[in-house]
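1. Structure for the following, please:
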Amino acid sequence: MRGDEFMRRVRRLGCRDRVEARLDSRHGKGSHARLYYGDRRTTIPDLRRELKTGLLHGMCKDLGIDPNEL
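-> Predicted structure coming up:
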């Protein structure tokens, strides 16, 4: 899964669970962006690159969501 696809899926999950999910690309260096899910946040390293499994699971843990729900 790529970073932009992860972002879309988290936003869709937020709509379903009525949790605000937003992207903030102003904070972050280079191609990095912050994704907020309610009061939690994580950093997406690059929206165009493929996310490795460990990074994906870590980002889901940061946001407090189950990776299988995506």
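
2. how about stretch 47-65: buried residues?
-> Of the residues in stretch 47-65, those buried by neighbour count under the rule 16 or more other C-beta atoms under 10 Å are 47, 51, 56, 59-60, 63, 65. C-beta: built from backbone N, CA, C; applies to glycine.

3. right, and the helix or strand after the lowest-mean-pLDDT helix or strand in the chain?
-> In the chain, the helix or strand scored least confidently by mean pLDDT, DSSP states H and E is strand 21-24, which has a mean of 89. Secondary structure here is assigned by DSSP states H and E; on that basis, the next helix or strand after strand 21-24 toward the C-terminus is strand 33-37.

4. who are the neighbours of the following helix or strand past that next one, in terms of helices and strands?
-> Scanning the chain past strand 33-37 towards its C-terminal end, the next helix or strand to appear is strand 40-44 (assignment: DSSP H and E). Of the remaining helices and strands, those touching strand 40-44 by 3 or more C-beta pairs under 8 Å, 6 or more residues apart in numbering; DSSP states H and E are helix 3-17, strand 33-37, helix 53-63.

5. For the least confident helix or strand of the chain, name the packing helices and strands.
-> Counting contacts by 3+ C-beta pairs under 8 Å, 6+ apart, strand 21-24 is packed against helix 3-17, strand 33-37.

6. Go through the shortest one and flag the buried ones.
-> Applying a neighbour-count criterion of 16+ other C-beta under 10 Å, one finds 33, 35-37 buried in strand 33-37.

7. for stretch 15-27, same thing?
-> When neighbours are counted by 16+ other C-beta under 10 Å, the buried residues of stretch 15-27 are found to be 19, 21.

8. what bits of this structure have low per-residue confidence?
-> 27-29 (pLDDT under 70).

9. switch to 90 and redo it
-> 23-33, 46-47, 70 (pLDDT under 90).
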